[in-house]
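Colleague: the sequence isn't on hand, but the structure is:
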């Protein structure tokens, strides 16, 4: 297992999948704090004499803007990157070659799933920390507890579509189907958050909870229920992926 995971990490680095996503996350981390701070000046450049009063920038507002980019543009890019995590090796015959060695299908898939989770936690965690530090220099400090809970929430939001992407791509052997499932999950969760307004314990409402924990610096029972159900979806999707691949003909 350790050798398989090491192989995945090396391949992710050499193929520029991991550095590319990290650079994209850092880009948004460095973009939003100055954008929020100097929004008045930016708007004045295009207003042509019209006076526009913007709300006072806050550290929490800057981080929430960053989080919005992570859960939209960055997440779609990550889905496209990870949709071929297994299917490319299947098409090239690498999967068959690896499985002729004393390596079980379970460990082969599990190594890829662990790599997916490590990559997500690393990229989201590092870019979030950079955003928080840059925000501190421009707008002030974030609440430490609120920041930690916000990062946990952000990781959960990003991982759910990614594991569903990998699950679908693995079972169907089609990266495009995986990407469609992952992007579809984003849209379904978005619709649920607007329609099911009273069921805020669902994972679809994690973005709302992130705003609350970031501003208040504390959590609630409904927040932990939403996070818990989110990770339940992640674990179940991983189990289905592993079981499905073990029964799949190569």
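Modeller: That came through fine. What you are looking at is a predicted structure, and each value in this text was computed from that prediction instead of being measured.
Colleague: give me the low-pLDDT residue ranges for this protein?
Modeller: Where the chain drops to pLDDT under 70, the residues are 1-2, 40-55, 89-101, 103, 248-250.
Colleague: where along it do the helices fall?
Modeller: 2-14, 17-37, 39-47, 59-69, 75-82, 87-92, 94-99, 105-138, 144-172, 175-195, 206-216, 221-246 (DSSP state H).
Colleague: identify the residues contacting the fifth one?
Modeller: So the one you mean is helix 75-82. 17, 20-21, 24, 116, 120, 157-158, 161-162, 165-166, 178-179, 182-183, 186 (CB atoms under 8 Å, 6 or more residues apart in numbering). Glycine gets a C-beta too; all of them are placed from N, C-alpha and C.
Colleague: how far away is residue 139 from residue 58?
Modeller: As defined by CB to CB, to the nearest Å, residue 139 lies at a distance of 6 Å from residue 58.
Colleague: so what sits against both of the two?
Modeller: In contact with both residue 139 and residue 58: residue 36, using CB under 8 Å, 6+ apart.
Colleague: which one's more surrounded, the two?
Modeller: Higher neighbour count among residue 139 and residue 58: residue 139, with 20 against 16, using other CB atoms under 10 Å.
Colleague: that one and residue 39 touch, don't they?
Modeller: No: between residue 139 and residue 39 there is no contact under CB atoms under 8 Å: 11.5 Å.
Colleague: what residues do these two have in common as contacts?
Modeller: residue 57.
Colleague: check contacts around the residue nearest in space to the middle of the chain.
Modeller: Computing the C-alpha centroid of the chain and ranking residues by CA atoms, centre = their mean puts residue 158 first, at 2.4 Å. Shown in contact with residue 158 (CB under 8 Å, 6+ apart): 70, 71, 74, 75, 78, 120, 124.
Colleague: and these, which two are the farthest apart?
Modeller: Based on CB to CB, the longest span within the contacts of residue 158 runs between 71 and 120 and measures 12.2 Å.
Colleague: show me what contacts the nearest residue to residue 145 once chain neighbours are set aside?
Modeller: Nearest non-adjacent residue to residue 145, counting by CB to CB, 6 or more residues apart in numbering: residue 217, 4.8 Å away. Going by CB under 8 Å, 6+ apart, residue 217 touches 143, 144, 145, 146.
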